[in-house]
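# Structure for this input, please:
(chains A and B)
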Amino acid sequence: MNLFQAILIALFGYLSSNYSPWVFGQLGGWYTMGRPLVSGFIIGIILGDIQTGILMGAAVQTLYIGLVTPGLSMPADLNFAAWMGIPLAMVAGADTEYALGLAVPLSFLGVSLVYVVASVNVFWVRKQEQWISEGKIQKAANVPVYASSVQFLARFVPIFLACYFGQEFITNLVAAIPTWLGDAFVSFGKVLPAVGFAMLLRFVLKKNMELLYFLVGFLMIKVLGMPIIAATIAACFLGFLDIRYGASGRGNGEMEVEEDE
Amino acid sequence: MNETTVKSKLSRKDVFWSYVYWMMFALSCQNMERMEAPAFAGVMGKMADKLYNKIEDKQALMLRHTQFYNTQPMVGAMVTGIALGMEEERACGKEVPDELIQSVKTSLMGPFAGIGDSLFIGTLTPILLSIGLGLVGENGSAAGPLFYAAAWLVIMIPFTWLTYKWGYKSGITAVQTIYESGIMDKAVRFANILGLVIVGCITGQYVSFGIGWTYTSGEMTMNIQGILDGIFPGALPLLITIACWYLMDKKKISMGKIMIGLFVICLAGKFLGIIA
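Have a look, this model is predicted:
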């Protein structure tokens, strides 16, 4: 990838990071462009190979499909995983499984950066209070605009450096990986999504018995071979039945039932 | 929605731009000390010139909102709308005490964060993503990412704007309406069931793990994976996923440790030729 491509990737990487405001905040950034599925598409366009970009993005997305990031708790940094992992795996000409093998360590690298940014931003909290007391209302109201520069530095610079200067290193690294280790990576990449789904399961499961709903979903795909949209409709039906006839559908009894478990 | 108070200070356009400001900058000054407070104060600061003439009143307005605040910004946009509506009533001369505005904010930010994370981030996003991933297929079709982006934006932009506007118009009564109708409970329940089934579907679709080892005794060879598939296709991926959930949820083992554990299993399994 050339200098221009690396700058573009780093720029989009920043725009799609969690605290970047410029593409309608979280809505257009983090939860649209920041999902690796979409990131891979954008990276594919920049690097001139849309198909590979999407496939790599889909592979990374699979692992993190269950990632919920409430408040400041960030179990893994999706931003670096996608915007460093996907382009580097692409320039190295590696398989999608290598993108996963690359994304996982990178995702841990970015976690501490979230806290660094949130700590530095305390400076802006002070500035805002100062400007309010000085009567500079518009300036104080623009504090979040100024503060976005901190996130820019924390995202643009590392992604640019990793993409531009890391490509040769990664290419050599991928070439040097022995077959048996590569095979292990392939197996690892295939089983790794289990961690993301387990995390999501942890979030939506309220009672252990409800694991049955999970099982039904699994059976629909794996045993019955249903396409995902058909399975979603069936899932809506199950949800409807539960609300209509289940304990929660009868109104007031719900809270007690929930707490019995 | 039966609004009797006169609200005349902010135009429809002002309300729209305050919404845009919140949606964009809610997290851009995220900090350890007050979380999203600078953005909340920012919304009020942007509207200050419309609401008050005296500089002291403008300062007081902003200072009321520099206190700790944190919620899911998209779903919680409604809370910002509610607070703006209350501030406008106050600016129009209605008796709205500081404490009321503060307590509405602090009592709503928790529930809205919870609903936002479970209903939208925990359920809607994975459903849309898994449909998108399904569309990607083997060939890397652009239909996947385009479907996800389009569906997400088409659902979320109207949703956030309408709830913001509704919150602004009806102020505190909006909250009572939601809680009393019981719609929220049912929606959360429905989303949970949907989420559970969908996670099951995508687990079946994306997790794979197979035994490559065949047992040979004399002339008889047994393909272990073949036997397993005959009993229950995908039994191993299912068990691994449930095991990961069990370790994280019940044993509080971190995601990183589980990943390392899986890698070691793959490495050892491949080395010994047990896994496919």
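# in terms of contact, does residue A:15 touch residue A:22 like I think?
Yes - the pair residue A:15 and residue A:22 passes the contact test of CB atoms under 8 Å, sitting 5.5 Å apart. Glycine gets a C-beta too; all of them are placed from N, C-alpha and C.
# for residue A:238, what are its contacts?
A:213, A:216, B:193-194, B:197 (CB atoms under 8 Å, 6 or more residues apart in numbering or on different chains).
# Now for the residues you listed: which two are most distant?
The most widely separated members of the contacts of residue A:238, counting by CB to CB, are A:216 and B:194 (11.8 Å).
# So which of these two has more stuff around it?
The residue with more neighbours, out of residue A:216 and residue B:194, is residue B:194; 25 against 17, by other CB atoms under 10 Å in any protein chain shown.
# Quick check: residue A:230 vs residue A:221, distance?
If you measure residue A:230 against residue A:221 using CB to CB, to the nearest Å, the figure is 10 Å.
# In chain A, which helix is the longest?
Of all the segments of type helix in chain A, defined by DSSP state H, the longest one is helix A:143-176.
# Not counting its neighbours along the chain, what's nearest residue B:109?
Sequence neighbours aside, residue B:71 is the residue nearest to residue B:109 in space, at 4.0 Å (criterion: CB to CB, 6 or more residues apart in numbering or on different chains).
# In a strand, the one you found, correct?
No - in this structure, residue B:71 is coil, not part of a strand, as judged by DSSP: H, G, I helix; E, B strand; the rest coil.
# pretty sure it contacts residue B:114?
No - Residue B:71 sits out of contact with residue B:114 when judged by CB under 8 Å, with a separation of 9.2 Å.
# packing partners for the helix or strand where residue B:152 lies?
In this structure, residue B:152 sits in helix B:143-170 according to DSSP states H and E. Of the remaining helices and strands, those touching helix B:143-170 by 3 or more CB pairs under 8 Å, 6 or more residues apart in numbering or on different chains; DSSP states H and E are helix A:25-28, helix A:36-47, helix A:50-64, helix B:12-25, helix B:77-91, helix B:125-136, helix B:172-181.
# from the middle of its chain, how far away would that helix be?
Centroid separation between helix B:143-170 and its chain, computed with CA atoms, centre = their mean, to the nearest Å, is 13 Å.
# and the direction of that helix versus that of helix A:50-64, what angle?
Taking axes from the mean of the first three to the mean of the last three CA atoms, to 10 degrees, helix B:143-170 and helix A:50-64 form an angle of 60 degrees between their directions.
# quick revisit: next, show the common contact partners of residue A:15 and residue A:22.
With contacts defined as CB under 8 Å, 6+ apart, the residues shared by residue A:15 and residue A:22 are residue A:29.
# Between the two, which has more neighbouring residues?
Between residue A:15 and residue A:22, counted using other CB under 10 Å, the more crowded position is residue A:15 (20 against 15).
# any idea how far that one lies from chain B?
With distances taken as CB to the nearest CB, to the nearest Å, residue A:15 is found 12 Å from chain B.
# Quick one, grab the pLDDT at that residue.
Residue A:15 is assigned a pLDDT of 97 by the prediction.
# Same check on residue B:207?
87.
# Look up phi and psi at it.
Per-residue torsions, residue B:207: phi -90, psi 130 (degrees, to the nearest 10).
# before we move on, back to that, which residues touch the residue nearest to residue B:109?
Under the criterion of CB under 8 Å, 6+ apart, the neighbours of residue B:71 are B:36, B:79, B:108-110, B:112-113, B:116.
# Just among the residues you listed, which is most surrounded?
Comparing the contacts of residue B:71 on neighbour count, residue B:79 comes out first with 29 neighbours (neighbours: other CB under 10 Å).
# Surely residue B:35 touches residue B:69?
Yes - taking CB under 8 Å as the contact criterion, residue B:35 and residue B:69 are neighbours in contact, 6.1 Å apart.
# next helix or strand past the helix or strand encompassing residue B:245?
When secondary structure is defined using DSSP H and E, the element that contains residue B:245 is helix B:235-249. The C-terminal neighbour of helix B:235-249 among helices and strands, as given by DSSP H and E, is helix B:255-272.
# now that following helix, how far from the centre of its chain.
Put simply, helix B:255-272 sits 31 Å off its chain's centre (CA atoms, centre = their mean).
# pLDDT score assigned to residue 212?
All of this is about chain A. On the pLDDT scale, residue A:212 is placed at 94.
# Can you look at chain B instead?
Each residue has a pLDDT score; the one for residue B:212 is 80.
# List the contacts of the residue lying closest to it once chain neighbours are set aside.
Closest residue to residue B:212 in three dimensions, ignoring its sequence neighbours and counting by CB to CB, 6+ apart: residue B:276, at 3.5 Å. Residue B:276 makes contact with A:187, B:210-212, B:225, according to CB under 8 Å, 6+ apart.
# do residue A:75 as well
Here residue A:75 is in contact with A:67, A:69, A:111, A:199, B:255 (criterion: CB under 8 Å, 6+ apart).
# Restricted to helices, list the contacts of residue A:238.
Assigned to helices by DSSP H, the following of the contacts of residue A:238 qualify: A:213, A:216, B:193-194, B:197.
# for the residues you listed, which one is nearest residue B:15?
Scanning the ones in helices among the contacts of residue A:238 for proximity to residue B:15, where the rule is CB to CB, the winner is residue B:194, at 32.7 Å.
# How is the chain divided into domains?
No chain in the question, so chain A it is. Described in terms of automatic domain parsing, the domain architecture of chain A consists of the residue ranges A:3-204, A:207-261.
# was after chain B, sorry
Listed domain ranges for chain B are B:12-200, B:208-272 (source: automatic domain parsing).
# With distance to residue A:145 added, can I get those in CSV?
CSV is the format used below for these (distance: least, CB to CB, whole Å):
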stretch, distance to residue A:145
domain B:12-200, 7
domain B:208-272, 34
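# Quick check: the closest residue to residue B:171 other than its chain neighbours vs residue B:43, distance?
Counting by CB to CB, 6+ apart, residue B:171 lies nearest to residue B:85, which is 4.2 Å off, once chain neighbours are set aside. Taking CB to CB as the measure, residue B:85 and residue B:43 are separated by 12 Å.
# before we move on, what about residue B:21?
Spatial separation of residue B:21 from residue B:43 under the definition CB to CB is 6 Å.
# So which of those two has more stuff around it?
When residue B:21 is set against residue B:43 and neighbours are counted by other CB under 10 Å, the residue ahead is residue B:43, at 25 against 22.
# does that one sit in a helix or strand, and which one?
Following DSSP H and E, the helix or strand that holds residue B:43 is helix B:37-51.
# what is the orientation angle of the helix or strand following that helix with helix B:37-51?
Tracing the chain C-terminally past helix B:37-51 and defining elements by DSSP H and E, one meets helix B:55-63 next. Counting by the same axes, to 10 degrees, helix B:55-63 lies at 150 degrees to helix B:37-51.
# Helix B:55-63 to helix B:77-91, inter-axis angle?
Between the axis of helix B:55-63 and that of helix B:77-91 there is an angle of 160 degrees, by the same axes, to 10 degrees.
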